[in-house]
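Undergrad: Could you work out the structure for the sequence below:
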Amino acid sequence: MRTAKWPRTLALAVFIVGCGSNNPSTTGNTGGTTGNSNSTATDTTTGTGATTTTGTGATTTTGTGATTTTGTGATTATGGGADAGGTTATSFQPLCSGLTTAAGGAPSKGGACSSTDPQLCYKTCGPESKGFKSETCTSGSYAEQSGCTFPAGDYSCYKIPGTVDPTCPTTAPQASQACTVAKCVICAGTTGYLDSTGASKTGYCVCPQDSDGNPTKWSCASTTAWPCPSANGC
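TA: Here you go, the predicted structure:
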């Protein structure tokens with residue numbers, strides 16, 4: 001019996017098909033993505049409002065995330081005794097001298113005011129402008145505080161003496177006029193004084209000194225606007 005023979009080309013085709021694979025090739029897609037499963041990150045926050053993150057696989061952010069404001073934005077007034085070096089008095093703000101009403105000028109005693117004008121402000125008072133008094137818009141006009149309020153400080157320079165210092169003038173000194181007595185010498189207790197307009201007043205005067213220690217001009221105030229004996233530090 002004769003054995004059948006396959007054509008040479010057909011046998012070659014069968015051989016190639018039999019050696020194939022049912023799995024598609026992934027050549028060029030391997031390598032994937034390197035993960036961070038073994039990375040470690042440490043979060044450290046330093047500075048003001050800034051967050052800094054350091055470590056492997058972490059993002060580092062440097063910067064200031066907050067705004068720092070220096071000062072109160074408010075005007076700081078100076079009060080206190082002549083030897084105190086000044087006492088901060090932020091509660092007596094704003095000062096009337098820096099404000100303007102619709103009627104014109106700064107808020108002042110008896111002046112007209114409305115709801116659109118400053119409702120409260122302060123004027124300086126007392127010797128060397130160490131104290132404050134308020135101007136309050138009430139029923140269409142400004143009502144002024146009686147007397148003078150002094151912030152905490154050393155007012156020993158204004159302590160009223162039991163006897164008149166012999167260097168004080170024998171006549172009433174006038175405010176804002178040149179003076180020659182020493183610092184912290186209280187005058188006018190027995191003579192009274194004249195204000196800057198020449199009107200007679202009952203109160204006291206001192207002779208402030210400039211930065212070189214030279215006498216300047218009389219600074220006077222009425223008895224109701226004098227820090228001693230009622231103010232702390234007298």
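Undergrad: contacting residues for Y158?
TA: G81, A82, P127, C184, I186, Y204, V206, W226, P227, C228, C234 (CB atoms under 8 Å, 6 or more residues apart in numbering). Every residue, glycine included, has its C-beta placed from N, CA and C.
Undergrad: ugh, typo on my part, it should be D195
TA: D195 touches Q174, A175, K201, C220, counting by CB under 8 Å, 6+ apart.
Undergrad: For the third one, grab the count of nearby residues.
TA: When neighbours are defined as other CB atoms under 10 Å, K201 has 19 of them.
Undergrad: Is it bridged to anything, and to what?
TA: Residues in a beta bridge with K201, per DSSP bridges, are Y193.
Undergrad: just checking, it touches W226?
TA: No - assessed by CB atoms under 8 Å, K201 is found out of contact with W226, at 11.2 Å.
Undergrad: Could I have the buried ones of the contacts of Y158 as PyMOL selection syntax?
TA: Buried subset of the contacts of Y158, written as a PyMOL selection, criterion 16 or more other CB atoms under 10 Å:
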select buried, resi 81+82+127+184+186+204+206+226+227+228+234
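Undergrad: Now do the same contact list for C205.
TA: P127, P173, A175, C179, I186, C187, A188, Y193, W218, S219, C220, A221.
Undergrad: wait, what's in contact with the nearest residue to K133 once chain neighbours are set aside?
TA: Distances taken as CB to CB, 6 or more residues apart in numbering put Q145 closest to K133, at 4.2 Å, once the chain neighbours are dropped. Q145 sits next to K133, S134, E135, T136 when contact means CB under 8 Å, 6+ apart.
Undergrad: among the contacts of D195, which are in strands?
TA: Using DSSP state E, the subset of those located in strands is K201, C220.
Undergrad: looking at the contacts of D195, which has the most residues close by?
TA: Neighbour counts for those (other CB under 10 Å) peak at C220, which has 28 neighbours.
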